[in-house]
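[1] Next input, structure requested:
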Amino acid sequence: MSRILLSLMLLTAHVSQTLGETGAETEIRSLIHAVRKSGCEFDRNGTLYAAERAAEHLELKYARGKRYADSAEAFIERLATGSSWSGEPYWMICHGDKTLAAEWLSKKLESSQAE
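    Alright, predicted model coming up:
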């Protein structure tokens, strides 16, 4: 892991603790940050959005549905999997590869927990 990434993670954890966030909230915000910095496109209901817009959308869903996301896994399953309006899954498109957003986020979560 690069020193810059490690420093950023430690700073994020410190700020989160200072703000009174739980471990789950910190993990969820880290996942949203990973989407924001991914450079991937986000397919929501057949429309492609840049990573920044995708992160904004996930932040809004989390703000509105926080009570349904008491863990990062619950956030992925209940809020970040797909559209509550259409029932369609969300997709991450990175370097031409299309992956279900739930799978992409789960892999990010697993790799962050392994570190």
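
[2] D70 against E25, yeah?
    No: using Cβ atoms under 8 Å, D70 makes no contact with E25, being 9.6 Å away. C-beta coordinates here come from the backbone N, C-alpha and C atoms, glycine included.

[3] more crowded one of the two?
    E25 (19 against 13; other Cβ atoms under 10 Å).

[4] Name the secondary structure element that contains that one.
    helix 23-37 (DSSP states H and E).

[5] do the same with D70
    Applying DSSP H and E, one finds D70 in no helix or strand.

[6] That one and H33, how far apart?
    20 Å (Cβ to Cβ, to the nearest Å).

[7] who does the helix holding E25 touch, helix- and strand-wise?
    helix 3-18, helix 51-65, helix 72-78, helix 101-114 (3 or more Cβ pairs under 8 Å, 6 or more residues apart in numbering; DSSP states H and E).

[8] in a strand, that's where D43 is, yeah?
    Yes: assigned with DSSP: H, G, I helix; E, B strand; the rest coil, D43 falls within a strand.

[9] Would you single out the least confident of the helices and strands packed on helix 23-37?
    If you rank the helices and strands packed on helix 23-37 by mean pLDDT, helix 3-18 sits at the bottom with a mean of 47.
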